[in-house]
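Show me the folded form of this:
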Amino acid sequence: KEVGFRDIDMFKPFFHTIFEMYADAQLKWAPEVGATRDHFKQQYLIEALWANFQGPGDFNPPHDHGGTLSWVIFLQMPKELIEEKNKYKGRSAGPGGLTFIYGEGPRSYISHHSFFPEEGDMFIFPATLKHWVFPFKSDCVRISVSGNVNDSIKWKDLKKIKEVKKDEQKNDTSNNKKTV
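Numbers count the residues shown, from 1 in each chain. Predicted coordinates:
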């Protein structure tokens, strides 16, 4: 069962903090864009927010979302579900698992990654990344909160930053090193 929230504003301070940390990580792990911290000071706008109450037999087939980024926070992982997962003998995430699908190919390719979430886990991922949630049989309810955000980054501005850096590289001949 999925339930939407009417008053998203009450969650904005929490998600502002989370996505500021995300922007910091984005800058740290993707420096090739040539941007500075100020370029990543963007506003993430909550597009949708909902709660999921997953019971026995419920699942979400492979799907993606609108917006720029999506997330899920696992609020309640019942002990019955954890016990069912521990008894599972397969190779996937198993009952109640979450799988991200990021490509296709022969069986020798790794094209997905599965997790069995713990209570309090939060996953942030590109909204276009296909994912799905496995069903379970235990007589319990797992509760999660999910949502989508849009960002205010303007790709034309990032392109300008990259073009400036390329020009600097062409003009810097000292020590035959490129400016990165």
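
host element of the residue nearest the centre of the chain?
For the chain, the residue sitting closest to the mean C-alpha position, by C-alpha atoms, centre = their mean, is residue 125 at 1.7 Å. Assignment of secondary structure by DSSP states H and E places residue 125 within strand 122-126.

on that earlier part again, pLDDT score assigned to the residue nearest to the centre of the chain?
According to the model's per-residue confidence, residue 125 sits at a pLDDT of 91.

if we can go back for a sec, could you give the separation of the strand holding residue 125 from the chain centroid?
Remark: strand 122-126 is offset 2 Å from the chain centroid, using C-alpha atoms, centre = their mean, to the nearest Å.

For the next helix or strand after it, give me every contacting residue.
Read in the C-terminal direction, the helix or strand following strand 122-126 is strand 130-133, with elements assigned using DSSP H and E. Outside strand 130-133, the residues that touch it by C-beta atoms under 8 Å, 6 or more residues apart in numbering are 54, 59-64, 96-102, 125. C-beta: built from backbone N, CA, C; applies to glycine.

Going along the chain from strand 130-133, find the next helix or strand for me.
strand 142-151.

Which pair of the contacts of strand 130-133 spans the longest distance?
Maximum pairwise distance among the contacts of strand 130-133 (C-beta to C-beta): 23.0 Å, between 54 and 102.

More neighbours: which of the two?
More crowded of residue 54 and residue 102, by other C-beta atoms under 10 Å: residue 54, with 22 against 13.

OK, contacts around the more buried one?
Under the criterion of C-beta under 8 Å, 6+ apart, the contact partners of residue 54 comprise 96, 133, 136, 141, 142, 143, 144.
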